[in-house]
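>>> Kindly generate the corresponding structure for this input.
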Amino acid sequence: MDNRGVDEGLVIERLRHGYDAWNRGDIEAGLEFAAEDMEWHGPPDSPFAGPHMGHAQIRAFAHGMLEMFARIERTPQGFEIHGDHVLVPVQSFVRGTGSGIEVEVSLVDVWTIREGLVARYAVFPDRGEALAYIACGEHASEPAPAG
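Numbering: from 1, shown residues only. The predicted structure is shown next:
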């Protein structure tokens with residue numbers, strides 16, 4: 001793995017902090033280590049795909065998610081450093097606010113780190129698509145649609 005000087009311990013600690021904050025519904029703590037111009041891309045082909053750009057849009061998106069779901073929990077299954085990217089397999093669980101319907105799904109998050117802050121976040125349905133996205137590097141303007 002090429003880590004290009006990324007402080008792996010610090011990056012993983014900050015990402016764990018972000019997952020914990022999200023699971024508590026603490027949006028502000030979740031944005032603590034996010035660049036002001038951070039990009040948020042939800043799962044391709046989903047109503048949450050985005051992009052959501054900057055703290056204000058991400059904050060509005062997150063508040064909307066918290067209204068839709070009575071419970072949102074995302075549990076990282078590990079952290080892999082790939083240069084400026086961190087690949088995180090995640091077990092996601094949501095329960096609808098009105099419906100009570102529960103959904104559990106495995107996804108793969110990719111976090112792009114610049115100068116110690118999260119510059120970009122993207123969600124993929126599987127590891128292969130996440131790795132292909134990482135391989136595209138700066139050429140990828142947004143996650144490719146699932147398919």
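
>>> which stretches of the protein have low pLDDT?
Within the chain, the ranges that satisfy pLDDT under 70 run 1-6, 138-147.

>>> State which helix of it is the longest.
helix 8-24 (DSSP state H).

>>> packing partners for that one?
Packing partners of helix 8-24 (3 or more CB pairs under 8 Å, 6 or more residues apart in numbering; DSSP states H and E): helix 27-30, strand 69-76, strand 85-96, strand 117-124. All C-beta spots, glycine's among them, are computed from the backbone N, C-alpha and C.

>>> Does the second one pack against any helices or strands, and if so which?
When you say that, I think you mean strand 69-76. Using 3+ CB pairs under 8 Å, 6+ apart: strand 69-76 touches helix 8-24, strand 85-96.

>>> returning to that earlier point: of all the helices and strands packed on helix 8-24, which lies closest to H41?
strand 117-124 (4.2 Å; CB to CB).

>>> roughly how far is that closest one from the heart of the chain?
Its chain's C-alpha centre lies 5 Å from the corresponding centre of strand 117-124 when counted by CA atoms, centre = their mean, to the nearest Å.

>>> now swap in stretch 109-117 and tell me
Put simply, stretch 109-117 sits 10 Å off its chain's centre (CA atoms, centre = their mean).

>>> For it, list every residue counted as buried.
The neighbour-count check on stretch 109-117 (16 or more other CB atoms under 10 Å) flags D109, V110, W111, T112, I113, L117 as buried.

>>> I'd guessed the third one sits against V86; true?
Yes - taking contacts as CB atoms under 8 Å, W111 lies within contact range of V86: 4.5 Å.

>>> what is in contact with those two at once?
Contact with both W111 and V86 is made by residues L15, according to CB atoms under 8 Å, 6 or more residues apart in numbering.

>>> So what touches the longest helix of the chain?
Here helix 8-24 has contacts from 27-30, 32-33, 62, 72-76, 79, 81, 86, 88, 90, 111, 113, 116, 118, using CB under 8 Å, 6+ apart.
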